[in-house]
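J.: sequence first, predicted model second:
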Amino acid sequence: MNESLRILFISAELSPLMSTGGLAEVAAALPRALKAQGHDVRVAIPQWPSVSAEIRGSKVATCIAEMGDHTQYGALWEGRIPGTDLPLYTVQHDGFFQRATPYGSKEHEFGDNAERFCFFNLAVLDGLPQTGWKPDLVHCHDWHGAAAPIFLKTRFAQHPHWRGVPSLFTIHNIAFQGRYGLDKAGSTGLPEELLHNGTVEYHGDLNLMKGALLLADRISTVSQRYAEEIQTPEYGEGLDGALRSRAKDLSGILNGVDYGVWHPANDTFIPERYDASDLRGKAVCKRALRDHCGLPDAPVPMFGMVSRLYWQKGVDLLAEAVHKLEDLPFQLAILGAGDADMEGRVSDLAERFPSKVSVSLKYDAVLAHLIQAGADFFLMPSRYEPCGLSQMYSLAYGALPIVRRTGGLADSIHDLNPVNEKYGRANGISFVPKTVQAVERAMVRATKLYADAPAFSALQQRGMAQDFSWTRSSAAYELLYRDAIRQAAAA
């Protein structure tokens, strides 16, 4: 039997304490799955305002971070992740982290983000040795955690606590890279030579993610298809060359679903629970969703969308498609917030089609669950999608996914076509073109499928029977961790 591992997660987000998307859910669910396998997993995040005194526990270290042209001071606290016995480290620096939002407003990032998150990583690396706990590997997430692999290979390379400890850097969305003007570099604590040799320099800017891609021991992303896509100019956001140079060290592991939170049989947010053996509760949820949205009772399919409202998500494609499908019998409930233009486009839909479209410009956990439970189809027409979680939630809730075939959507949703039906793989509707017409065709297909009750029910049952639990994904991460640890030990 393999020995248990000690794994440190470094993440800016952790559900339910701070969340802007899938990163927070992964940072919460994957450690729990690894703990269930017998591993010692601990998570480090900034001490956000939502971290109460009860959660943060006790102060275990004073952190001193040399930031190049000045020194910053903070503290490391140790508590427990809510609802678990998993240790949680939080980095206290009231000036950096006691802010209403983690990264800035919708329009602008905070001007000191490079310094804030480099400090966060430095504080963890400085403070943790004072606790006496030493990880076998550091698992860092997205650009907010990108500085840790850089520092581990430079400033801390010979540190008695950190020497030889490998890092895994996970890309959740390569579009957000921690890219700033070189004028910010002096306040990050990054070694100056990394700017001169191109490690963290990118077209005259500082790029934290590039540094992590070049210096982390291993790299992963959140689906196999996305791992392939980001090595191309179309999806690599300028870092495809760096990724191709590390291709042998890059893995794609599909995210999992926390069925303790996202399953209609035990969902505490929906008016009536149900499962594949008895779907009467889903009909109750559909009526409740209509009532909540102010939509009339009608024998038509309900489409749902819960998403950040950005160009990436294909919101504009959906909006145009709905305008063109004025005579198609369906209703649509949209929940989300984001770009002002995209918010305006969906708001226009609700204004033009008040008996057909409902839009809630916010994030509401209860309504998010109700949409999954009450919808017949769930829309994700994304231009790109590293993994996506909502399509896996929707399968569990019997809301058939309608997705563009990209990233994790391609890895998890297989189109209802003759080949996939022959082999029993079909579990939704998918399309390839990034066009309004493709979204239109998919929605027309969905309404025809809904009208064929036996075919709709068969596909619904197949989706509800699928298992995307974290057990499978966490086992893949364990293998990746052990491989990275072996490689570091042999170096």
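T.: Cool, the structure landed. Bear in mind the structure is a predicted one, so any value in this text is a computation, not a measurement.
J.: show me the shaky parts of the stretch 1-150 of the chain.
T.: 1 (pLDDT under 70).
J.: which residue ranges form the helices in it?
T.: 22-36, 53-56, 94-97, 113-127, 147-152 (DSSP state H, counting those that start in this stretch).
J.: looking at those, which is buried most?
T.: Comparing these by mean neighbour count (mean count of other CB atoms under 10 Å), helix 147-152 comes out on top with a mean of 27. Backbone N, C-alpha and C define where each C-beta goes, glycine included.
J.: check which helices and strands the longest helix along the chain sits against.
T.: When the chain is parsed with DSSP state H, its longest helix is helix 470-490. Under the contact definition 3 or more CB pairs under 8 Å, 6 or more residues apart in numbering; DSSP states H and E, helix 470-490 sits against helix 22-36, strand 137-141, strand 167-171, strand 218-221.
J.: ok so, going back, quick one: which of the helices of the stretch 1-150 of the chain is nearest L459?
T.: helix 22-36 (25.0 Å; CB to CB).
J.: hmm, who's touching that closest one?
T.: 5, 7, 9, 11-16, 18-19, 41-43, 45, 81, 84, 86, 141-142, 172, 222, 255-258, 386-389, 469-471, 473-474, 477-478 (CB atoms under 8 Å, 6 or more residues apart in numbering).
J.: let me see the mean pLDDT of the longest helix of the chain.
T.: What helix 470-490 shows for mean pLDDT is 96.
J.: related to what we said a few turns ago, so which of the helices of the stretch 1-150 of the chain gets nearest L325?
T.: Going by CB to CB, the one of the helices of the stretch 1-150 of the chain nearest L325 is helix 22-36, 29.0 Å.
J.: cross the contacts of helix 22-36 against strands and list the overlap.
T.: 7, 9, 41-43, 45, 141 (DSSP state E).
J.: max pairwise distance over those residues: which two?
T.: Most distant of these, by CB to CB, are I7 and I45, 14.9 Å apart.
J.: the two: who's more crowded?
T.: Taking neighbours as other CB atoms under 10 Å, I7 and I45 compare with I45 leading, 27 against 24.
J.: excluding chain neighbours, give the residue nearest to that one in space.
T.: Distances taken as CB to CB, 6 or more residues apart in numbering put L14 closest to I45, at 5.0 Å, once the chain neighbours are dropped.
J.: coming back round to it: any chance of a markdown table for the helices and strands packed on helix 470-490, columns distance to G57?
T.: Formatted as a markdown table, the helices and strands packed on helix 470-490 follow (distance: least, CB to CB, whole Å):
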| stretch | distance to G57 |
| --- | --- |
| helix 22-36 | 17 |
| strand 137-141 | 21 |
| strand 167-171 | 25 |
| strand 218-221 | 30 |
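J.: to E351, which of those lies closest?
T.: For these, the distance to E351 is smallest for helix 22-36, at 30.4 Å, taking CB to CB.
J.: picking up where we left off before, quick one: buried ones out of the contacts of helix 22-36?
T.: Those of those that meet the buried threshold are 5, 7, 9, 11-15, 18-19, 41-43, 45, 81, 86, 141-142, 172, 222, 255-258, 386-389, 469-470, 473-474, 477-478, by 16 or more other CB atoms under 10 Å.
J.: just confirm S430 is within a strand.
T.: Yes. Counting by DSSP: H, G, I helix; E, B strand; the rest coil, S430 is found in a strand.
J.: quick one: residues contacting it.
T.: 401-405, 409-410, 413-415, 442.
J.: look up how far V300 lies from it.
T.: Distance, S430 to V300, using CB to CB, to the nearest Å: 22 Å.
J.: list the buried residues for stretch 343-361?
T.: Of the residues in stretch 343-361, 343, 345-347, 349-350, 353, 356-361 count as buried by neighbour count, 16+ other CB under 10 Å.
J.: so of these, which ones are in strands?
T.: Using DSSP E, these in strands are 357-360.
J.: which of those lies closest to L449?
T.: Nearest to L449 among those, with distances taken as CB to CB, is V357, at 20.5 Å.
J.: hmm, F330 and that closest one touching each other?
T.: No. Applying CB atoms under 8 Å as the test, V357 and F330 come out as separate, 9.5 Å apart.
J.: A368 and S473, how far apart?
T.: Counting by CB to CB - A368 and S473 are separated by 22 Å.
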